[in-house]
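K.L.:
I'd like to go over a predicted model; first the sequence, then the structure.
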Amino acid sequence: MRQNMWRASLILGTCFGHCAFGMNGQQVTMHNHAVAPAEKIQAIESAIRERQYDDAEGLASAALRMDPNDARLWTLEGIAYSLSGRDQDALAAFGKALKISPTNGAALRGEVQLYYKSRDRRATPLLEEILKTNPADSTAREMLAVLEARAGECEAADSQFALLGTAINTHPESLEAYGNCLVQAGHADQAVPIFQRLADLLPTAVYPRYDLAVVLVESRQDEAAIKVLDPLMAEDPSDPDVLSLASDAYEAVGNTPKSVALLRQAIILSPMDTGYYTSFAALCLDHESYQVGIDMIHAGLQRVPDDPSLYLSLGLLYAQLAKYDEAEAAFKMAGQLDAKQSISSYALDLTEIQKNHSEETIANIRDQLKTHPNSALLHYLFAKLIVGQGTDAGSKLSGEALQSALLAVKIKPDMTEARDLLAIMYTDRNQFEPAMEQCRLALQSNPDDQTAIYHLILGLRHSQKPQDRAEAATLVQRLSQLQKVGRQKETNRKKFTLVEEQPTPQAKSN
Amino acid sequence: MVAAQKRPAASNRPFNASFVDVAAAAGLLAPVIYGGVDNDKYIIEANGCGCAFVDYDNDGWIDIFLLSGTRLSGAPPGASNRLYKNNRDGTFTDVTRQAGLEAVGWANSVCVGDYNNDGYDDLFCTYFGQNRLYRNMGDGTFRDVTKEAGLIDSEVRWGAGCSFLDYNRDGHLDLFVSNYLKFDFSKVPGPGAGANCNFKGIPIECGPRGLPFGKHSLYRNNGDGTFTDVSKESGIGQPWASYGMTVVSADFNEDGWPDIYVASDSTPSLLFVNQRDGTFKEQGVESGVALGSDGGEEAGMGVGVGDYDLDGHLDIFKTHFSDDTDVLYHNDGTGNFDDVTLQSKIGVETRFVSWGTGIVDLDNDGWPDIFFVTGSVYPNVGKLLPQYPDKSPRILFRNLGNGTFEEIANAGPGVAALHSSRGCAFGDFDNDGDMDILILNMNEPPSLLRNDVDAKQHWLKVKLIGTKSNRSAIGARVLARYSGRVQAQEVTSQSSYYSCNDFRLHFGLGQAADADLTIHWPSGVVEQYHSVKCNQLVTIKESHGVVPNLGWARS
């Protein structure tokens, strides 16, 4: 992408006229190890301007034989190589220039440009060096942000993009990277205007509108998402990803029949994609239509018999019907098919708990943690199980549970369930300050976390400070409001039951 | 779904009480009619009703009052609430008709109290339809005085829990009524035909989720036999998000003014804290008695109130649905409660839907135990999912005296028997110094569990008669000090599930030969009685001291 790179003339500009100025004209320090005659420099610059790169390279080589320690000559040679597509030679030339003159702005930019072209992370320290010298270099900042985003360093990238403001408004790659990073950081709502800009910028492309719809659904702006998705489906009714996303949006606004129809269509269009079957199973779980879900998962297993996620869904559906043996068999199969993932171990453990085999489950989890030491889920389940046994808060086992829960949040800081559990454990120990701290951290990840709100209230009631009492009263109201919303959602969700109708399942309103 | 906690190793300590169902021998033969036997179509059929131990004729022997329901197809012959007079020989006589208490309808709960202070305890019964106040005429009969008392509702309501209490401490019993939900046969869909109408994929009666909430009511006693609806000005009548069920009024924060706790189904339970100015403030969440330990709503149905850890403060035990633990809340004495369900090991039992309950010393060892009855609300489900049976046993947790409880599997055939039960009441029907249990079973005759306790343990019963306070002494708090510990009990008009216990407070004393008593009367009077000998009933009249017992065989 060109938009977030320096134009060649800008790099050259730093060299032309004595190679002593930075990209934006600011003066940079030049180490005057040697000085080539001005005529030679001008001749090379002239050849470059006239796009006579071979001539420029020849002139530079000749001059360098005379003045091998002239950083300006190496830089010009690098520019010539770069413009003629000889990237490795260019990198070697820039490297020599920088060895002689480490802060040579033109050489630095040239080298960065080449690394950045291939999204090579070696550009990162160079960009940081440039920004140290010139924090206002928005091109360097944008390149750094994109590289950080690509490396998954979204927190760093987001702060760089935020500093850039509207400077990236015409740069699709940067907008996309920024939007994706905001989503990864859990700020889907903030990503909405970013993807909206991207969609406006590329009105004929599908992906920006799809991305926009994704963040709208994630930020619970489902009506707005539908307004984006409906035209997309009209343009191309055969894109299963769009259909599946639209299914999510329609379900969220309470139009379950449409949601089911879209998801079924996605399955028909892409019958080997197990994600659509598991989404259908999730719909069935929400609508207490477990047998319909089981039938659909079996249909999926006929096509994709070795998919662990299908068995996982199957187990969850059977568990809801209190068919724990079938659920256990499905979870075991999921675990056998993908021993690396810990989620089926987790589900299997849950089934064991429901069958009141808690002691065996604790032993199982200890074993599983040897295989999956970094599974936040297993650490959490281990702690939860011990807490659920009413283990004396002062016991060694309880201490082990506390450590496991702390490990879970260390591995996955946004795991609100584990933070809620920690709040409960600290409350049991009458340690209200750390309990409240965990509640507040959980609420950062999920402001609607009712367990965290409740335990924060319980912690605050031990305080005599008027402001704490006031906060508790506000939280009680908030909790009440969340309960009300939860009840309404539950009723809306259960308004429809999925029923099997031959030849295809459909949603039916009650 | 909450998993049961692991059962700890058995204590192997003997439990010196055993229960035998003597209902049939005692003459309690009429079945309690309530809804469908094999299937329920509407939730109105499912919740059942309560019962009471009440000494309606003041002969010193508690009698039995049992509510009854009806059927969608109409009440079968004989369906009625029933009053059984205690014959003082282990048997009872059905005196319903002569007492004027025959009534058919969807009855729910009963609360007892002498609302007109005439010396005879009256009955208030809640209904889907119209609640009924029965005045005890003192001659063995009751009169329905609902209309003249000003308690006629202008609309059909689903009266659920109720409790007499003297919220303004004027010596006259006021009345609180919880209303479960707004129910309309023409609007509620049939089983499986709407939201909240399935259980584990099986069609069941719809609700309560998804149905509109009822509004709770407070009626102030005008002192002339009539009541005034003060729901609005007292703050009770706000539109709380609550499917209110059993009501217990007691002074939970020990400020001398009665508070009101409402177990609520599938919604936060409510604690109305008396503001001492005729108003109440709902503080269930802040007080820690509204929700489960995870902050989630629970299916609160029955409530037991007692002092399980002998610290002089009233704790709360609340029963819930199957696949959830019941909850034990420990009171720190200020009205702040902590959920100690798991620490107390109550969480080992999650198999059954749980209803009537009590924190009652059943073996007289001095440590109050926990008892509750169980039974499914979905009679059809058990046939398809055997782990959710229609009929299930009674559950008894003995208090180990160290903050934990142990489920007792061999407390006699009366406990192990399988029934679909709802209300239960605790009292000493045979005046032998232990607590017996009356249990209401759905579409079966009731159970009367006679308790046979090892006589080596001591006990003390306290009967209170108010003078400045209401005559039933409802709201009086008694602290009994024995063996270096102190146990709090309070006279309540309703607890368990929609039921009323024997008004005589029963203290097991273990090996203690006597106890010191402190009585906090609702009027504010505090009285002390030292070294009250064990194994007796003492009747104490406010500001008059110990007075002769009424017809107590062992005095």
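P.N.:
Received it, and whenever you're ready, just let me know what you need.
K.L.:
how near is the residue of the stretch 1-150 of chain B found nearest chain A to residue B:359?
P.N.:
Here the residue of the stretch 1-150 of chain B nearest chain A is residue B:3; by CB to the nearest CB that distance is 4.2 Å. (C-beta placed from N, C-alpha, C; glycine too.) Computed as CB to CB, to the nearest Å, the residue B:3 to residue B:359 distance reads 25 Å.
K.L.:
which pLDDT does the model give the one residue in the stretch 301-450 of chain A that gets nearest to chain B?
P.N.:
Proximity of the stretch 301-450 of chain A to chain B (CB to the nearest CB) peaks at residue A:390, 3.2 Å away. pLDDT, residue A:390: 82.
K.L.:
with residue A:13 instead?
P.N.:
On the pLDDT scale, residue A:13 gets 47.
K.L.:
and stretch B:150-168, end to end?
P.N.:
Its first and final residues considered, stretch B:150-168 spans 19 Å by CA to CA, to the nearest Å.
K.L.:
which parts of chain B sit against chain A?
P.N.:
Within reach of chain A by CB under 8 Å from any CB of the partner chain, chain B has these residues: B:1-6, B:189, B:192-198, B:200-201, B:209-210, B:241, B:267-268, B:285-286, B:288, B:291, B:293-297, B:336, B:341-345, B:347, B:385, B:387-388.
K.L.:
surely the residue of the stretch 301-450 of chain A closest to chain B is in a strand?
P.N.:
No - according to DSSP: H, G, I helix; E, B strand; the rest coil, residue A:390 belongs to no strand; its state is coil.
K.L.:
what count of nearby residues applies to it?
P.N.:
23 (other CB atoms under 10 Å in any protein chain shown).
K.L.:
what residues of stretch A:305-323 count as buried?
P.N.:
Neighbour counts over stretch A:305-323 (16 or more other CB atoms under 10 Å in any protein chain shown) mark A:307-323 as buried.
K.L.:
oh, I was asking about stretch B:320-338
P.N.:
Buried residues in stretch B:320-338 (16+ other CB under 10 Å): B:320-331, B:335-338.
K.L.:
quick one: which of those residues sit in strands?
P.N.:
Cross-referencing the buried residues of stretch B:320-338 against strands under DSSP state E gives B:327-331, B:337-338.
K.L.:
may I ask which two of those residues are separated the most?
P.N.:
B:327 and B:331 (13.0 Å; CB to CB).
K.L.:
from residue B:15, how far out is the residue of the stretch 351-500 of chain B found nearest chain A?
P.N.:
Among the residues of the stretch 351-500 of chain B, residue B:385 lies nearest to chain A; the distance is 5.5 Å by CB to the nearest CB. Look at residue B:385 and residue B:15: by CB to CB, they are 32 Å apart.
K.L.:
now the longest helix anywhere in chain A, how far from the centre of its chain.
P.N.:
Secondary structure of chain A per DSSP state H: the longest helix is helix A:466-494. Chain-centre distance of helix A:466-494: 29 Å, with CA atoms, centre = their mean, to the nearest Å.
K.L.:
poorly predicted segments of the stretch 351-500 of chain A, please.
P.N.:
Where the stretch 351-500 of chain A drops to pLDDT under 70, the residues are A:351-358, A:497, A:499-500.
K.L.:
flag every residue of it that's near chain B.
P.N.:
So the stretch 351-500 of chain A meets chain B at A:353-354, A:356, A:358-359, A:387-390, A:392-393, A:420, A:424, A:428, A:450-455, A:457-458, A:461, A:472-473, A:476, A:479-480, A:483-484, A:487, A:490-495, A:497 (CB under 8 Å from any CB).
K.L.:
circling back to that earlier point, now tabulate the ones in strands among the buried residues of stretch B:320-338 in TSV and tack on pLDDT and distance to residue B:22.
P.N.:
Putting those into TSV (pLDDT from 0 to 100; distance: CB to CB, whole Å) gives the following:
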residue	pLDDT	distance to residue B:22
B:327	97	32
B:328	98	30
B:329	98	33
B:330	97	35
B:331	98	35
B:337	97	37
B:338	95	39
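K.L.:
residue A:480 and residue A:491, how far apart?
P.N.:
17 Å.
K.L.:
and the most centrally placed residue in chain A, how far is that from residue B:137?
P.N.:
Geometric centre of chain A, nearest residue: residue A:184, 2.5 Å, by CA atoms, centre = their mean. Going from residue A:184 to residue B:137 by CB to CB gives 77 Å.
K.L.:
residue A:91 now?
P.N.:
Residue A:91 is 108 Å from residue B:137, where distance means CB to CB.
K.L.:
with neighbour numbers in mind, choose between those two.
P.N.:
Shown here are residue A:91 and residue B:137; by other CB under 10 Å, residue A:91 has more neighbours (19 against 15).
K.L.:
the more buried one reaches residue A:111, doesn't it?
P.N.:
Yes - assessed by CB atoms under 8 Å, residue A:91 is found in contact with residue A:111 at 6.3 Å.
K.L.:
joint contacts of the two?
P.N.:
Common contacts of residue A:91 and residue A:111, defined by CB atoms under 8 Å, 6 or more residues apart in numbering or on different chains, comprise residue A:78.
K.L.:
flag every buried residue along the longest helix of chain A.
P.N.:
For helix A:466-494, burial by neighbour count (16+ other CB under 10 Å) applies to A:468, A:472, A:475-476, A:478-480, A:482-483, A:487, A:492-494.
K.L.:
could you redo those as CSV and give each row distance to residue B:542?
P.N.:
CSV is the format used below for these (distance: CB to CB, whole Å):
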residue, distance to residue B:542
A:468, 41
A:472, 39
A:475, 43
A:476, 38
A:478, 45
A:479, 42
A:480, 41
A:482, 47
A:483, 43
A:487, 46
A:492, 55
A:493, 56
A:494, 54
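K.L.:
can you classify residue B:538 by secondary structure?
P.N.:
When states are read from three-state DSSP, the local structure at residue B:538 comes out as strand.
K.L.:
no, scratch that, I was asking about residue B:459
P.N.:
Three-state call for residue B:459 (three-state DSSP): strand.
K.L.:
then residue B:76?
P.N.:
On the three-state scheme (three-state DSSP), residue B:76 is labelled coil.
K.L.:
distance of it relative to residue A:119?
P.N.:
Separation of residue B:76 from residue A:119 (CB to CB): 82 Å.
K.L.:
tell me the mean pLDDT for stretch A:267-287?
P.N.:
For stretch A:267-287, mean pLDDT rounds to 91.
K.L.:
gap between that stretch and the chain center?
P.N.:
Its chain's average C-alpha position is 23 Å from that of stretch A:267-287, according to CA atoms, centre = their mean.
K.L.:
next, the buried residues of it.
P.N.:
A:267, A:269-271, A:273-287.
K.L.:
which parts of chain B are helices?
P.N.:
Taking DSSP H to define them, one finds helices in chain B at B:23-26, B:96-99, B:231-234, B:284-287, B:381-384, B:413-416.
K.L.:
ok, which of those helices comes nearest residue A:60?
P.N.:
Proximity to residue A:60 (CB to CB) singles out helix B:284-287 among the helices of chain B, at 78.0 Å.
K.L.:
what packs against the closest one?
P.N.:
The contact analysis (3 or more CB pairs under 8 Å, 6 or more residues apart in numbering or on different chains; DSSP states H and E) places helix B:284-287 against helix A:450-460, helix A:466-494, strand B:270-274.
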